[in-house]
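Trainee: 3D, please:
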Amino acid sequence: MLSGFGKLLSISGALLISAVVQSQQDASSVTDKAATPQVQAQLVASVNAVVPGSEIYVGVNQQIIPHWHTYWINPGDSGNATTISWTLPEGAVASEIIWPAPSRFSMGPITNYAYEKNVTLLNKISIPSSIAVGETFTARALVDWLVCEEECIPQQVELALSLPVVGSANETGTGSPLIAEAQARVPVASPWTVTAQQSAIDSETGQGKLYLHVGLSKDQLAQVQDIWFYPYDWGRIRQSELQVRKNVADGIQIEIPTGEAPAGIGDSLTGVLVIKEQQGIARGYEISTPVKALANSQTTTEFAIGFAGALLFALLGGVILNLMPCVFPVLSIKALSLVSHSNYSAVEIRRQGYVYTLGVLASFAVLALLLILLKAGGNHVGWGFQFQSPIFVLLVAYLLFAVGLSLSGVFFVGGSVAGVGSSLTEKPGYSGSFFTGVLATVVATPCTAPFMAAALGYAVAQPPLKLLAIFLSLGSGLALPYLLLSCWPRLQRWLPRPGLWMERAKQLLAFPMYAAAIWLVWVLVQQAGVDSVIIALGGMLLIAIAAWVYDSTRTSTNGKRGLGNISALALVLLAVGFGGLQVNSPANAAQKEAVTAKNWEAYSDERLQSLLAEGKPVFLNFTASWCISCLVNERVALSTDTVKKQFEQQGIVYLKGDWTNKDPEITAFLKKFNRSGVPLYVFYPAGQADGPKELPQILTPDLVVSAVSGQ
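Mentor: A predicted model of the protein is given here:
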């Protein structure tokens, strides 16, 4: 019999032999293929045999079942990148994974960078010179990945590949075709100049903007159907946010919101630009570029307009506003007042110009302060925001109607044509000039002129003092034409001489005021329903009676004049109070949907994302009933048979975002495109959810057709 020690020794020996046998069995069972329910993996090589001292490519190929995906080196908002741990013969060295260009996958607010269907992750392996011809070179790979659909499953497989060692490269063979396919998908160095600039971080949102500029020729630009930037490092950008592409004179500008990494973008940027060409072929280009800071800006129209550029654009936009239909009649009234004051001294006329300018600037300052206060309260508002209030629309309609009555001679206040509503100061005409400046500002806000969008988009993202400065620059532009007329006598020589024609001209200018009041009643209907028509017209009747009572008692004795003034004031307050309460009631607001029949779809982010996921072309029109520029564009361009036919031929889905009333969803979309107000026109070509095209603010049929057809 064996002693106790002998039994222990024999058992230990048996266990050791069993372990060695089991280890040999496990090692021999590892092959070049392995499978899970979601992924079939295979280890493949660029050759069938290796030569000592050479380099070969070895790759892990993943065949992924439909609707599932594995992840890129930067997985995006969630997920984990695939890892490969190599076990190689002594002296052999494997490179890091060589990653093919990824694709984007979005689910709700989550966006990932990943692969679907089929991908091969490459490694370059250096074969040691010491390995002998006739031996076998065995590479083992322990591969970990996360595969996801609605759920995510971590998986691990072990793969092995054995290749004979030969003495000549002529004997290696061609290896797996999967290697060549993978190499074709690996990004190449960008052949174009790529520069990057980063804006300052917004103190309110904690975000900045990255601006990539890709230098392309005109012919190269014409071949680009879509472009998207994928950073190698997580947190540099916000994956789920739009990357806004704009064609510029010397290439493409991509505007990208920066991400959550503590260092922001950093001093340098590396990643992959994936460009889909018109033929549908997607190619990846590796970029590495230093990042420069943008001074004093967070938004741009053409890369970065900067604070000085915003001031200039605001000034130019204000000047052009004078030619808009909402402002031109008011400027005409002021010009008419200059004619009537031709016997005034040059000093007095200049003072009139200064006071008018003061009225404009004071009004713009009030608008800017309101914006600042609303922003501080967490509201996202922009140009023309006050017209989203039905009460404000009604009050402006009443004001313009009253101005029209005064110009028509129904009642008379003050000593000049421009003195509507004046006699508030001792010098006749000064208060009239001031409040005409206020009126010009009020009626200007529904309009948007060229240059204004860039300036105002920049302004609303700035600190309070810069926002105020840009608004004052816009007001200066609005006041500038009349200020020049009043301060430069030579220009006044071009004005006609005073005469009886002025009374007719004054009466004629009443009709644009009536037309503007009618238009505002129509806007009110869009906001508060059809019942608001009778409310507005009833209020205008009360104002007309008040004007008649006031004028009838204006030259009476003190007692009658006082009674007349009180009666007129009571009628005006009744019109304002009753009308304001009624148009803001839920019953009237509920009627809005029944006002007009729609031949377009109403915008919602959910609907937009659904259409983009289906690969359909989408045209977005963000408008408002109080925005005159928007209405003109719809009339002269978007509603024409030419544009409708083009939309129909291309199967373009037309979404309209109505900002007549405040809509946080539309406001958020406008902010993505650095716009503080409407109009905004954006086109998504078919299958290009990542490549929206922004159209100018002034449209023509040919411009729209050219934009949507890619000409």
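
Trainee: From E255, how far out is V248?
Mentor: Per Cβ to Cβ, to the nearest Å, V248 is found 11 Å from E255. Bear in mind the C-beta positions are built from the backbone N, C-alpha and C, glycine included.

Trainee: These two - which one has more neighbours?
Mentor: Set V248 next to E255 and count neighbours by other Cβ atoms under 10 Å: E255 wins out with 22 against 15.

Trainee: Apart from its neighbours in sequence, what residue is nearest the more buried one?
Mentor: V244 (4.4 Å; Cβ to Cβ, 6 or more residues apart in numbering).

Trainee: What about that neighbour, how many residues nearby?
Mentor: When counting by other Cβ under 10 Å, one arrives at 21 neighbours for V244.

Trainee: Just the helices from the stretch 101-250 of the chain, written as ranges.
Mentor: Taking DSSP state H, counting those that start in this stretch as the criterion, the stretch 101-250 of the chain carries its helices at 177-185, 218-223.

Trainee: Out of those helices, which one sits most buried?
Mentor: Mean neighbours per residue, mean count of other Cβ atoms under 10 Å, is largest over the helices of the stretch 101-250 of the chain for helix 177-185, with a mean of 16.

Trainee: what packs against that helix?
Mentor: Helices and strands touching helix 177-185, by 3 or more Cβ pairs under 8 Å, 6 or more residues apart in numbering; DSSP states H and E, are strand 39-45, strand 55-64, strand 118-126.

Trainee: Throw those into a markdown table and include distance to V643, mean neighbour count and mean pLDDT, thanks.
Mentor: Output for these, formatted as a markdown table (distance: least, Cβ to Cβ, whole Å; neighbours: other Cβ atoms under 10 Å; pLDDT from 0 to 100):
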| stretch | distance to V643 | mean neighbour count | mean pLDDT |
| --- | --- | --- | --- |
| strand 39-45 | 48 | 21 | 95 |
| strand 55-64 | 43 | 22 | 95 |
| strand 118-126 | 42 | 20 | 96 |
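
Trainee: For H213, find the nearest of these.
Mentor: The minimum distance between H213 and these falls on strand 118-126, with 30.5 Å, by Cβ to Cβ.

Trainee: CA atoms of that closest one as PDB?
Mentor: Output of strand 118-126 as PDB, limited to C-alpha atoms (Å, rounded to 0.1, in the frame of the first residue of the first chain):
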ATOM      1  CA  ASN A 118     -19.200  44.300 -41.300                       C
ATOM      2  CA  VAL A 119     -15.900  45.800 -40.100                       C
ATOM      3  CA  THR A 120     -12.300  44.700 -39.900                       C
ATOM      4  CA  LEU A 121     -10.000  46.200 -37.200                       C
ATOM      5  CA  LEU A 122      -6.400  46.100 -38.400                       C
ATOM      6  CA  ASN A 123      -3.100  45.800 -36.600                       C
ATOM      7  CA  LYS A 124       0.400  45.800 -38.200                       C
ATOM      8  CA  ILE A 125       2.600  43.100 -36.700                       C
ATOM      9  CA  SER A 126       6.400  43.100 -37.000                       C
END
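
Trainee: Residues in contact with it: which ones?
Mentor: 44, 55-64, 70, 82, 84, 86, 88, 92-100, 139, 178-179, 181-183, 185-186 (Cβ atoms under 8 Å, 6 or more residues apart in numbering).

Trainee: at 6 Å instead, please
Mentor: Outside strand 118-126, the residues that touch it by Cβ atoms under 6 Å, 6 or more residues apart in numbering are 55-63, 93-95, 97-98, 100, 178, 182.

Trainee: now do stretch 567-577
Mentor: G539, L542, I543, I545, A546, V549, Y550.

Trainee: Stretch 103-117 too?
Mentor: By Cβ under 6 Å, 6+ apart, stretch 103-117 touches 64, 69-72, 74-79, 102, 230, 239-240.

Trainee: mind showing which ranges of the stretch 151-300 of the chain have poor pLDDT?
Mentor: By pLDDT under 70, the weakly predicted segments of the stretch 151-300 of the chain are 200-207, 260-266, 294-300.

Trainee: Show me where it has its strands.
Mentor: Secondary structure of the stretch 151-300 of the chain by DSSP state E, counting those that start in this stretch: the strands cover 152-164, 188-189, 194-198, 209-215, 224-231, 244-248, 251-257, 268-277, 282-293.

Trainee: what's the closest of these to I320?
Mentor: strand 244-248 (22.2 Å).

Trainee: any idea how far T31 lies from I543?
Mentor: Taken as Cβ to Cβ, the span from T31 to I543 is 91 Å.

Trainee: what about the two, which has more around it?
Mentor: More crowded of T31 and I543, by other Cβ under 10 Å: I543, with 22 against 13.

Trainee: Next up, the contacts around the more buried one.
Mentor: Y398, A402, A575.

Trainee: same thing but 8 Å
Mentor: I543 neighbours (Cβ under 8 Å, 6+ apart): Y398, F401, A402, L405, L571, V572, A575.

Trainee: ok so, going back, strands - which of the contacts of stretch 103-117 land there?
Mentor: The strands, defined by DSSP state E, take in I64, H69, T70, Y71, W72, N74, P75, G76, Y230 from these.

Trainee: From these, which shows the smallest pLDDT?
Mentor: Least confident by pLDDT among the ones in strands among the contacts of stretch 103-117: that is G76, with 88.

Trainee: Name the residues linked to the closest residue to that one other than its chain neighbours by a beta bridge.
Mentor: Closest residue to G76 apart from its sequence neighbours, by Cβ to Cβ, 6+ apart: N112 at 3.9 Å. Legend: beta-bridge partners of N112 under DSSP bridges are G76, F105.

Trainee: For I372, see how far away N112 is.
Mentor: If you go by Cβ to Cβ, the gap between N112 and I372 works out to 39 Å.

Trainee: so what are the domain limits for this protein?
Mentor: 30-185, 189-293, 306-589, 597-709 (automatic domain parsing).

Trainee: Comparing these by mean pLDDT, which bottoms out?
Mentor: domain 306-589 (a mean of 73).

Trainee: can you pull the contacts of the closest residue to Y230 other than its chain neighbours?
Mentor: Spatial nearest neighbour of Y230, excluding adjacent residues (Cβ to Cβ, 6+ apart): V272 at 4.7 Å. By Cβ under 8 Å, 6+ apart, V272 lies in contact with A101, P102, P187, F229, Y230, Y232, G284, Y285, E286, I287.

Trainee: Now do the host helix or strand of V708: which elements does it pack against?
Mentor: Using DSSP states H and E, V708 sits in helix 701-709. Judged by 3+ Cβ pairs under 8 Å, 6+ apart, helix 701-709 is in contact with helix 641-650.

Trainee: That concludes my questions; thank you for your assistance.
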